[in-house]
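In: Let me see the structure of the following:
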Amino acid sequence: MKTPAGTYVIVKRDPGDKSSFTVSGFVQDAASAEMTVGANVFEPALRVGTATNAYGFYSLTLPADTVTLVFSYLGYETAERTLVLTADVKLDVTLEPVTLSSSDTADDRALSNSI
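Out: Just a heads-up that it's a prediction; the model follows:
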């Protein structure tokens, strides 16, 4: 179907359509409870993802299936959550800060000096 210039076609999702669902929530720091701005939320099998907004909020629409979401943020441990999507889901996640020991730091310096 060809539409004239300046004409919009609006496709409305059928409320009875259960082929996809939305996973949304907040990602925050486990130690301080502060929201993480720009944290990554990724579904590796489908190769789709998003990032949290200025409030630490994310929203991702995925097909009805079993999905694994990977949550990551620089300086934090990665978290994974596996869900069976049969409805929209609110999923809040807390990420643990990475703790470096003094031996980790020395190894990192040795590695950067060898490059």
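In: and the spatially most central residue of the chain, what does it touch?
Out: With distances taken as CA atoms, centre = their mean, Val41 lies nearest the centre of the chain, 1.3 Å away. Counting by CB atoms under 8 Å, 6 or more residues apart in numbering, Val41 makes contact with 27, 49-52, 58, 60, 69-71. From N, CA and C alone the C-beta is placed, and that goes for glycine too.
In: which intervals of the chain have sub-threshold pLDDT?
Out: Counting by pLDDT under 70, the chain contains low-confidence residues at 1-17, 102-115.
In: where do the strands sit along it?
Out: 20-29, 40-43, 48-51, 57-63, 66-72, 79-84, 89-90, 93-95 (DSSP state E).
In: Out of those, the one nearest Ser101 is which?
Out: Closest approach to Ser101 among these (CB to CB): strand 93-95, 19.4 Å.
In: Dig out what the closest residue in space to Lys90 that isn't next to it in sequence forms beta bridges with.
Out: Nearest non-adjacent residue to Lys90, counting by CB to CB, 6 or more residues apart in numbering: Gly25, 5.2 Å away. In this entry, Gly25 is beta-bridged to Tyr58, by DSSP bridges.
In: Hmm, Gly25 is touching Leu60, no?
Out: No: if you go by CB atoms under 8 Å, Gly25 and Leu60 don't touch, sitting 9.8 Å apart.
In: Thr22: neighbour count?
Out: 13 (other CB atoms under 10 Å).
In: looking at it, it is touching Pro63, isn't it?
Out: No: with contacts counted by CB under 8 Å, Thr22 stays clear of Pro63, the gap being 11.3 Å.
In: tell me which residues in stretch 46-58 are buried?
Out: 50, 52, 56, 58 (16 or more other CB atoms under 10 Å).
In: before we move on, what about stretch 62-81?
Out: 62, 67, 69, 71-73, 76, 79.
In: Just flag the most distant two among the residues you listed.
Out: So, the buried residues of stretch 62-81 by CB to CB: farthest apart are Leu62 and Tyr76, at 22.9 Å.
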